[in-house]
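> Provide a 3D model corresponding to the input given below.
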Amino acid sequence: MPGCEIFRENSCDGGEIETDPKYGDNRWYTPLRGDDGWQESFQDYGLLVAHAHVVYSDPSLTSATLEVIAQHKDASVQFTYVLGGAEQSSPSKTFDTGLTTPLSITVKGSDGSHIDLEPVDFAWNAAPIKQRPGDYRGGQKGAIVEFFGWPHKDIEEECQALADMGYMGAKLFPAMEQVMSEQPYENVMNPWYFMYQPVSYRLQGRMGTRDELRSLINTCRSLGVRLYADGVFNHMTGGGNDANPYHRNPSAGCSTWPNKTSSLEGGHSPMYTQNFAYTVNQRSGKAPMQEFPAVPYGPLDFRCERALSSWSDPVSLNAGWLVGLTDLNTGRDNVQERIADAITDLIGIGFSGLRIDAAKHMHPDDLVAIFVKVKRNLGGALPGDFISWLEVILGGEADLLMCDSGSGYNFGSYLVNKLSGAGFRGSEVDAIKNWNSGYPKETSRGTDDCSSQNLQRQVIQNDDHDQQSPGSSSRDMQGEGCVLTKDCDAATHRNFQVKLFTNPNGARNNYEDFPIRMVLSSFYWGEGYINGIPDGLSDCSLCKMSCETCRGIPYQKAHDPSSIGYDSGAGKYTRVHRDQSIINAMRAWMGLGSISTSDYALPANVTSIKS
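Coordinates of the predicted model:
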């Protein structure tokens with residue numbers, strides 16, 4: 001486009017939420033081999049996309065049928081499938097425990113195009129979970145440590161200590177391919193929230209590769225520690241944070257910027273959005289639209305663009321673009337199927353459950369439909385130790401979201417009744433839990449119908465990572481809790497963490513209510529609230545352009561076997577979960593005896609984990 005103009009298409013307001021079907025023609029934006037801008041990691045995504053769909057034959061998860069769902073720009077092209085090195089014409093094949101390695105997949109088109117997919121891990125190859133003493137109830141009760149900003153390798157090194165301390169599990173932050181940048185974003189090098197801007201569902205995230213993730217999961221499971229994922233399914237990356245090398249902002253002096261990259265080693269998957277774009281596809285002449293070929297998603301899989309301008313309007317909550325993040329149309333059947341397949345892949349590699357990010361921005365009916373498909377994929381039942389928790393942050397919209405079951409957009413008894421009506425057993429409904437964001441100040445407001453009932457379907461914690469951000473008021477605890485890295489000292493924070501396990505607000509029976517409780521082990525921001533991550537990827541030494549104003553945070557190793565918790569200092573990991581008082585309060589709640597720091601912490605001059 002001439003001058004400083006940009007395309008302004010596919011926006012909507014009022015009750016409109018669907019992308020106009022005409023924008024389906026804007027698909028296939030990825031450059032082809034030989035085109036300017038093509039790179040090896042783009043493969044032949046400009047012509048061919050595909051993903052793996054796995055359905056287990058029964059709840060034992062010992063056999064499964066894999067189907068490769070492929071699409072070519074030219075519908076007349078025929079496909080050949082290479083599964084584990086064996087070529088076949090059929091897109092489907094059944095496997096069982098005789099397959100002991102991840103399955104490689106290649107799709108070939110009769111026109112010469114081809115793409116390699118992410119390998120598939122089948123659930124029967126995940127290490128069995130070692131049984132440990134304690135009131136874990138088969139994975140339905142216990143404490144989970146949330147490792148905010150901890151690389152996979154560091155958590156793997158921490159697994160033995162987690163088992164010794166008695167934690168049920170560890171929750172990772174998003175493990176899928178995420179947006180990254182070679183220049184500062186708002187003057188910060190790769191801020192933490194980039195982890196919540198997916199590029200694909202490939203398990204190739206900032207915190208480590210799929211191979212490193214598999215190793216972590218198997219190590220922890222073999223020690224009796226379960227792993228939980230962070231599922232980002234409401235949206236993909238933010239508008240303008242994509243692979244298009246030509247962006248400009250007329251509202252900011254026509255400033256321009258190059259493409260973003262991703263966490264994928266050796267390149268990045270192609271990804272495109274409609275925002276701040278002013279050039280067209282060199283082959284079609286069409287402007288870019290929301291397209292993520294490695295998923296694959298195309299323009300019609302997203303809502304038309306609208307601001308999330310109201311927190312009490314269901315249309316805005318469901319279809320608004322949360323802080324400019326490209327909003328998936330989770331009402332579409334194919335989008336629900338793709339999300340269900342991504343969750344199935346997480347279970348296949350060995351996760352025992354997941355947090356669902358931004359759940360309140362997905363209609364409850366859509367969540368039910370997704371879980372129905374997950375259950376089908378897993379052989380007709382959720383695994384016995386499966387849990388999820390839904391991020392439903394409450395504020396002035398608590399009546400809509402939890403108290404009023406007739407609101408039509410309710411994650412309390414409305415969601416329970418919808419799940420029951422869809423065939424979920426009572427134990428399965430309980431396993432699809434809500435995170436009680438009313439805890440600790442207004443615990444009852446986070447329960448079904450705000451009646452302090454159904455406390456077995458609740459997950460609670462003191463502080464969460466969203467609260468740590470400067471200026472965040474997502475959960476105002478008003479003296480009933482505090483955020484360590486922001487507004488309280490270690491002693492005050494420790495008291496609230498101990499209370500989480502001894503007498504949490506709202507509990508009638510401490511040993512039965514609120515069966516899942518979480519402890520956040522995070523990190524302090526850099527000097528001046530630099531909100532990068534101390535994993536080394538927020539260091540300004542990685543900056544390649546516009547580096548004059550870069551504000552970074554240097555590398556710190558997350559795992560420290562000598563830590564006894566509450567390590568402090570700018571850019572340092574907190575390791576709250578290693579505090580003896582918190583551990584013993586948790587252990588008493590789990591029916592375990594007290595331990596000393598020598599039972600899990602090593603002398604300062606010893607660096608290897610205990611054998």
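> Helix, strand, or coil at residue 389?
Here residue 389 is strand, with the state taken from DSSP: H, G, I helix; E, B strand; the rest coil.
> Isn't it up against residue 516?
Yes - the criterion here is CB atoms under 8 Å, and residue 389 meets it with residue 516 at 6.8 Å. C-beta: built from backbone N, CA, C; applies to glycine.
> quick one: common contacting residues for the two?
433, 459 (CB atoms under 8 Å, 6 or more residues apart in numbering).
> pull the longest helix from this structure.
helix 333-349 (DSSP state H).
> now the helix or strand just after that helix, how far from the chain's geometric center?
Downstream of helix 333-349, the next assigned helix or strand under DSSP states H and E is strand 353-356. Offset of strand 353-356 from its chain centre (CA atoms, centre = their mean, to the nearest Å): 8 Å.
> Strand 353-356 pairs with which strands, parallel or anti?
Strand 353-356 has the following sheet partners, assigned by DSSP bridges: strand 226-231 (parallel), strand 387-390 (parallel).
> Pull out the buried residues from the helix or strand that it is followed by.
Using DSSP H and E, the next helix or strand after strand 353-356 towards the C-terminus is helix 364-377. Of all the residues in helix 364-377, those buried under the rule 16 or more other CB atoms under 10 Å are 364-375, 377.
> tilt between helix 364-377 and strand 226-231?
130 degrees (axes from the mean of the first three to the mean of the last three CA atoms, to 10 degrees).
> Run the angle between helix 364-377 and helix 333-349 for me.
Going by the same axes, to 10 degrees, helix 364-377 makes 50 degrees with helix 333-349.
> sorry, back to before: would CSV of the strands paired with strand 353-356 with mean neighbour count, mean pLDDT and distance to residue 566 be doable?
Output for the strands paired with strand 353-356, formatted as CSV (neighbours: other CB atoms under 10 Å; pLDDT from 0 to 100; distance: least, CB to CB, whole Å):
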stretch, mean neighbour count, mean pLDDT, distance to residue 566
strand 226-231, 26, 98, 24
strand 387-390, 24, 98, 25
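> need these in JSON lines with distance to residue 318, can you?
Formatted as JSON lines, the strands paired with strand 353-356 follow (distance: least, CB to CB, whole Å):
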{"stretch": "strand 226-231", "distance to residue 318": "18"}
{"stretch": "strand 387-390", "distance to residue 318": "14"}
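> do you know which of these lies nearest residue 298?
Taking CB to CB, strand 226-231 is the member of these nearest to residue 298, at 21.1 Å.
> I'd like to know which elements the helix or strand that that closest one is followed by is packed against.
Per DSSP H and E, strand 226-231 leads on to strand 235-238 as the next helix or strand towards the C-terminus. Applying 3 or more CB pairs under 8 Å, 6 or more residues apart in numbering; DSSP states H and E, one finds that strand 235-238 contacts strand 325-327.
> for the strand it packs on, packing partners?
strand 235-238.
> So which residues make contact with the strand it packs on?
Taking CB under 8 Å, 6+ apart as the rule, strand 235-238 contacts 178-179, 197-199, 260, 271, 273, 290, 292, 295, 297, 302, 321-328, 358, 361.
> Can I get the buried ones among these as something I can paste into PyMOL?
Buried members of the contacts of strand 235-238, defined by 16+ other CB under 10 Å, are picked up in PyMOL with:
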select buried, resi 178+179+197+198+199+260+271+273+290+292+295+297+302+321+322+324+325+326+327+328+358+361
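> Nearest to residue 115 among the buried residues of helix 364-377?
Of the buried residues of helix 364-377, the one sitting nearest to residue 115 (CB to CB) turns out to be residue 377, at 22.6 Å.
> which residues does the closest one contact?
53, 54, 55, 56, 340, 341, 343, 344.
> What distance do you get for the fifth one to residue 476?
Distance, residue 340 to residue 476, using CB to CB, to the nearest Å: 35 Å.
> More neighbours: the two, which one.
Taking neighbours as other CB atoms under 10 Å, residue 340 and residue 476 compare with residue 340 leading, 22 against 13.
> Name the nearest residue to that one, ignoring sequence neighbours.
residue 373 (3.5 Å; CB to CB, 6 or more residues apart in numbering).
> which residues in the stretch 1-150 of the chain form strands?
Under the criterion DSSP state E, counting those that start in this stretch, the stretch 1-150 of the chain contains strands at 48-56, 63-72, 79-83, 86-88, 92-96, 103-109, 114-120, 142-147.
> Neighbours of the closest residue to residue 25 other than its chain neighbours, how many?
Nearest non-adjacent residue to residue 25, counting by CB to CB, 6+ apart: residue 286, 6.1 Å away. For residue 286, the neighbour count with other CB under 10 Å is 16.
> And residue 138, by the same measure?
Count around residue 138 with other CB under 10 Å applied: 10.
> quick one, what contacts it?
384, 385 are the contacts of residue 138 under CB under 8 Å, 6+ apart.
> And the next helix or strand past the lowest-mean-pLDDT helix or strand in the chain?
Lowest by mean pLDDT, DSSP states H and E among the helices and strands of the chain is helix 484-487, with a mean of 89. Remark: after helix 484-487, the chain's next helix or strand is helix 490-502, criterion DSSP H and E.
> and the closest residue to residue 159 other than its chain neighbours, what element?
Once flanking residues are discounted, residue 159 sits nearest to residue 220: 4.2 Å by CB to CB, 6+ apart. Here residue 220 is covered by helix 210-222, with elements defined by DSSP H and E.
> buried ones in that helix?
So, applying 16+ other CB under 10 Å, buried residues of helix 210-222: 210, 212, 213, 214, 216, 217, 218, 219, 220, 221.
> Pretty sure the residue nearest to residue 340 sits against residue 336.
Yes - using CB under 8 Å, residue 373 is in contact with residue 336, at 5.9 Å.
> before we move on, back to that, tell me the contacts of the residue nearest to residue 340?
Residue 373 makes contact with 336, 337, 340, according to CB under 8 Å, 6+ apart.
> Does the first one touch residue 368 like I think?
Meaning residue 336. No - using CB under 8 Å, residue 336 makes no contact with residue 368, being 9.8 Å away.
> Would you check how far apart the closest residue to residue 115 other than its chain neighbours and residue 84 are?
Among residues not flanking residue 115 along the chain, residue 43 sits closest, at 4.5 Å (CB to CB, 6+ apart). As for residue 43, its distance to residue 84 is 19 Å (criterion: CB to CB).
> Neighbour count: the two, which is higher?
residue 43 (24 against 15).
> Enumerate every residue touching that one.
114, 115, 116.
> try 10 Å this time
For residue 43, the contacting residues are 30, 33, 49, 107, 113-117, 267, 269-270, 293-294, by CB atoms under 10 Å, 6 or more residues apart in numbering.
> Same question for residue 39.
Counted by CB under 10 Å, 6+ apart, residue 39 has contacts 31, 33, 243, 266, 267, 268, 270.
> Please consider this matter closed, and thank you.
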